[in-house]
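Enquirer: Sharing a model that was predicted from the sequence below.
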Amino acid sequence: MIRFEHVTKRYADGTTAVDDLSFEVAEGELVTLVGPSGCGKTTTMKMVNRLIEPTEGRIFLDGDDISAIDPVQLRRRIGYVIQQVGLFPHRTVLENTATVPHLLGWKRGKGRARAAELLDLVGLDPSVYGDRYPEQLSGGQRQRVGVARALAADPPVLLMDEPFGAVDPVVRERLQNEFLRLQAQVRKTVLFVTHDIEEAVRLGDRIAVYGQGSVEQFDSPATVLGAPATDYVADFVGADRGLKRLSVTPVEESDLDRPPVVHLDDPLDRATGRLRAEGARWAVVLDGDGRLHGWIPAGDALSGAKGTVREHARRMEAWLPVGAPLKQAFATMLQHDAGWIAVIDEQSEGRFLGVLTPARLHEALRRSISADDRAVPRAEVAVESVAVVANTAGD
Ligand SMILES: Nc1ncnc2c1ncn2[C@@H]1O[C@H](COP(=O)(O)OP(=O)(O)OP(=O)(O)O)[C@@H](O)[C@H]1O
């Protein structure tokens, strides 16, 4: 959708801001450009909407060489969001949002209806905020209006230059989450500039890590964190990249242990007898539809108890859906002080899939790094077990 071919930008004073840059952003993909101050990110972005002209090389938008497109026409195809949102102070939020439809000559009613729809989409109720002026909004709300305005004419491409840079970390994380949800709906092709590796990793389908004027690595967040291409990238992503990687590596079914399972209506003595025979210390309790209910201890804890499993099962608070990041799994384990957590499939009404243990979590991380190195699915990678945490008596 956006293709850079050997693009170089030298400013009049001789500064080479971008040096022989080539990469491609696929349709519907969100690529984050990340790197230290002055490495050429903004210059890269502004060449796409021709606010800056390259010295050499060519940029294509959907196959068209942009140097042949009238800049005004070009910018209609491209939404632009910047840190200082640049809202017009004397226009209401609704009017600000309808700016581009207005410029495009849409009928006033249609433009305002579209603006209201977009405000809603970015989480601002148009009946509450539509008639306010920018100064009556918080910083985070102004950023949302900036995003709504950029989307108003439904451009296929969005350029975002540090759009969440000016708000505090809590609001920032909320805006990032909202933006990810929004992007899942609208699937724009996005170039997103940030100097914050955490933000780049969270938002990007792929990340371009900038050195001085050139891209050192262009890869998925997991690969950049797991297998930095150069010492520079390793340095930039930081010594805690293993931790960061936890946030971009999902729990997969192949990571899970399958512990013994009993059902709510099983007679207790039969269930515990079986567990004892198997040497298990506990079992997961499921309802009749295979959904997680909780767990029961085996061994002596319930010896002599009567009835069915239902009366003795304990509820299980430590669970999460498959696909959740390993970081969330780790946090859940810590929060519940749990040696294992249950993993369910939200797509099939909470069906129980298996359990994740700390050793399995560690293995998942190692397998995902190895899978990225070898470009194969994680399920195909075997690693030597880190530790054996068996669900058996006496361990
Ligand atoms: N108009 C200009 N004339 C001369 N040099 C410029 C001009 N604009 C930018 N530069 C230089 O080009 C280099 C890249 O600047 P650019 O703004 O693209 O960096 P950046 O990565 O976006 O930085 P930041 O994160 O600080 O915004 C810098 O060294 C900058 O000083």
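Expert: Thanks, I have it.
Enquirer: list the contacts for the residue in the stretch 51-200 of the chain that the ligand sits nearest to?
Expert: Using Cβ to the nearest ligand atom, His195 is the residue of the stretch 51-200 of the chain that sits closest to the ligand, at 4.9 Å. (C-beta placed from N, C-alpha, C; glycine too.) Counting by Cβ atoms under 8 Å, 6 or more residues apart in numbering, His195 makes contact with Val34, Gly35, Pro36, Ser37, Lys41, Glu162.
Enquirer: per-residue pLDDT, the closest residue to Ile341 other than its chain neighbours?
Expert: Sequence neighbours aside, Ala318 is the residue nearest to Ile341 in space, at 4.2 Å (criterion: Cβ to Cβ, 6 or more residues apart in numbering). Listed pLDDT for Ala318 reads 90.
Enquirer: about what we covered before: which two from the contacts of His195 end up farthest apart in space?
Expert: Maximum pairwise distance among the contacts of His195 (Cβ to Cβ): 13.1 Å, between Pro36 and Glu162.
Enquirer: Between these two, tell me which one has more neighbours.
Expert: Glu162 (18 against 11; other Cβ atoms under 10 Å).
Enquirer: The more buried one contacts Gln84, doesn't it?
Expert: No - shown here, Glu162 and Gln84 do not form a contact pair, counting by Cβ atoms under 8 Å, at 9.5 Å.
Enquirer: any idea how far Ala313 is from Glu278?
Expert: Separation of Glu278 from Ala313 (Cβ to Cβ, to the nearest Å): 18 Å.
Enquirer: For the residue nearest to Gly123 when sequence neighbours are not counted, list the residues it contacts.
Expert: Nearest non-adjacent residue to Gly123, counting by Cβ to Cβ, 6+ apart: Glu178, 5.7 Å away. Residues near Glu178 by Cβ under 8 Å, 6+ apart: Val122, Gly123, Arg144.
Enquirer: average pLDDT for stretch 227-240?
Expert: Mean per-residue pLDDT for stretch 227-240: 87.
Enquirer: Number of residues surrounding Trp106?
Expert: 17.
Enquirer: what's near enough to touch it?
Expert: Arg114.
Enquirer: What confidence value was assigned to it?
Expert: What the model reports as pLDDT for Trp106 is 79.
Enquirer: burial count for the nearest residue to Gln84 once chain neighbours are set aside?
Expert: Nearest non-adjacent residue to Gln84, counting by Cβ to Cβ, 6+ apart: Ala166, 7.1 Å away. Ala166: 16 surrounding residues under other Cβ under 10 Å.
Enquirer: Please look at Ala166 and Gln83 and confirm they touch.
Expert: Yes - taking contacts as Cβ under 8 Å, Ala166 lies within contact range of Gln83: 5.3 Å.
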